[in-house]
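>>> need the 3D shape of this:
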Amino acid sequence: MLARSACRLSALRRAGPLRAAYNPGERTRKQAFGFGDAAPPGAPGFGDEQLAPPESIKDTYKYISNNMLNMPKYKEIIEGIGYPGQKHSAGGLCTIGRIYYGPGRYDYGRPKMPKGWFANYFYPFWEFGHLMFVADRWVAIRCLRHFLGIAFCFIPLWYDMQCNKAMILDYKAQGHEW
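Residues are numbered from 1 along each chain as shown. Next comes the predicted model:
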């Protein structure tokens, strides 16, 4: 009975208060989360060398110089650190959204596989590096945030444990029974 009336009353909810107020000149969201352009110039993961793993030394040089050595953008740092009220994508297995959209993204079908045996053999390593340090490097920033947070909480407790061990050894050395 209660479920039925909740469904009935939810249909009567007015849409007016649910609409967000828009102020002219205010920055607005253009995608799942994050402010700004969906495909800004200089964003990682865009370009011809991004569509497949590099097959030659020249392609590898272009790939590394244009993307892996490219400093994280302000948008990536903010999304990686996180902030109160941060929106997340409604995913099935995970809730990782996209900051940038474009032809280099895997949202548009299957990734282009390499042609040579060498690139095929090392494809899983390239794929991991490409996703963590080029296409979605804010995820790597988020992983780094977790490691640093764990270390920040763990180191004082570890130091206290070492002090307690030294005190117990000193207590035993003085001839006391444990």
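>>> helices of the protein, residue ranges please.
Assigned by DSSP state H, the helices in the chain fall at 2-10, 57-63, 74-81, 117-121, 123-130, 137-173.
>>> deepest of the ones you listed, which one?
Sort the helices of the chain by mean neighbour count, taking mean count of other CB atoms under 10 Å, and helix 74-81 sits at the top with a mean of 17. In short, each C-beta sits where N, CA and C put it, glycine included.
>>> now do that one against helix 137-173, angle only.
Helix 74-81 and helix 137-173 are oriented at 40 degrees to each other (axes from the mean of the first three to the mean of the last three CA atoms, to 10 degrees).
>>> what's the weakest-modelled helix or strand in this protein?
For the chain, the helix or strand with the lowest mean confidence is helix 2-10, at a mean of 65 (criterion: mean pLDDT, DSSP states H and E).
>>> one step back: got JSON lines for the helices of the chain, with distance to Glu49 too?
Converted to JSON lines, the helices of the chain look like this (distance: least, CB to CB, whole Å):
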{"stretch": "helix 2-10", "distance to Glu49": "50"}
{"stretch": "helix 57-63", "distance to Glu49": "5"}
{"stretch": "helix 74-81", "distance to Glu49": "19"}
{"stretch": "helix 117-121", "distance to Glu49": "13"}
{"stretch": "helix 123-130", "distance to Glu49": "11"}
{"stretch": "helix 137-173", "distance to Glu49": "16"}
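>>> nearest to Ala43, out of the ones you listed?
Nearest to Ala43, of all the helices of the chain, is helix 74-81, at 8.7 Å by CB to CB.
>>> average pLDDT for the closest one, rounded please.
Across helix 74-81, pLDDT averages out at 82.
>>> helices or strands up against it?
Applying 3 or more CB pairs under 8 Å, 6 or more residues apart in numbering; DSSP states H and E, we find helix 74-81 packed against helix 137-173.
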